[in-house]
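K.L.:
Have a look at this prediction, sequence included:
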Amino acid sequence: MDPPLCANGCGFYGSEKNRNLCSKCYDNFLKQELINKTKGISYIVTRPQQYPVLCANGRGFDGVVEKNNMCTACYKDDHDDISDKQSATAHGDSRSGRSRCKNCNKKVGLIGGFKCRCGEIFCPRHRLPEEHACNVDYKSAGRDVLAKQNPVCKADKLEWRL
C-alpha cells in the first residue's frame with residue numbers, strides 16, 4: 001500500500017502521524033497553529049525578583065547588577081581603590097610613553113617593540129629571552145599551562161571488570 005499524498009495537494013507523500021501532510025506542510029501547519037494560539041495571550045512583563053546576596057565582607061543585601069552585586073560600602077571601597085590607581089598612573093613617570101629597548105636603549109617605536117613576559121620592551125635583536133637574560137621561568141610556566149589545559153581523566157574503578 002502506497003502512502004497517501006499530502007492533504008495540501010503539494011504532490012509529496014504525506015504521513016498519518018503528520019495528519020496526512022508532508023514534512024514541509026506539517027511544519028507550516030504547526031507554525032500557523034502556534035501563531036493562532038499566541039494571538040489571544042497578552043504578556044505581562046514583571047521585574048525579576050532580587051534575592052539577598054552575600055557581599056565579600058559577609059553582609060547581606062539585595063544584589064544590584066550596576067554595582068556588581070556588592071553592598072554600598074564595598075562598592076565605594078572598590079571604586080576608591082581603582083581611582084587611586086588611575087591617578088597614580090596619570091601622575092607617574094612622563095617617560096613611560098617612550099618605548100626604548102631595555103638592553104641597548106634603541107628607540108623601537110610603536111610597531112618595532114617586543115614586550116617580554118618579564119614586562120620590559122626590547123628591540124628585534126634583544127627580543128629573545130637568551131639575548132636579554134630574562135628572569136622568567138618559561139619551563140614551569142609552560143608546564144602550568146599544559147596542566148590547566150589537559151586535566152587528568154581517570155575512569156572509576158569497577159569491581160566487576162578485569
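P.N.:
Alright, I've got the coordinates. Residues are numbered from 1 along each chain as shown.
K.L.:
so who does residue 142 touch?
P.N.:
Residue 142 makes contact with no residue under the criterion Cβ atoms under 8 Å, 6 or more residues apart in numbering. In short, each C-beta sits where N, CA and C put it, glycine included.
K.L.:
same thing with residue 139?
P.N.:
Per Cβ under 8 Å, 6+ apart, neighbours of residue 139: none.
K.L.:
Surely it is in a helix?
P.N.:
Yes - counting by DSSP: H, G, I helix; E, B strand; the rest coil, residue 139 is part of a helix.
K.L.:
mind checking how far it is from residue 145?
P.N.:
11 Å (Cβ to Cβ, to the nearest Å).
K.L.:
Next: residue 20.
P.N.:
Distance from residue 20 to residue 145, by Cβ to Cβ: 60 Å.
K.L.:
Next: residue 25.
P.N.:
Distance from residue 25 to residue 145, by Cβ to Cβ: 55 Å.
K.L.:
Residue 106 now?
P.N.:
Residue 106 is 32 Å from residue 145, where distance means Cβ to Cβ.
K.L.:
what about the two, which has more around it?
P.N.:
Higher neighbour count among residue 106 and residue 145: residue 106, with 16 against 10, using other Cβ atoms under 10 Å.
K.L.:
Stretch 10-21 - what's its average pLDDT?
P.N.:
Averaging pLDDT along stretch 10-21 yields 88.
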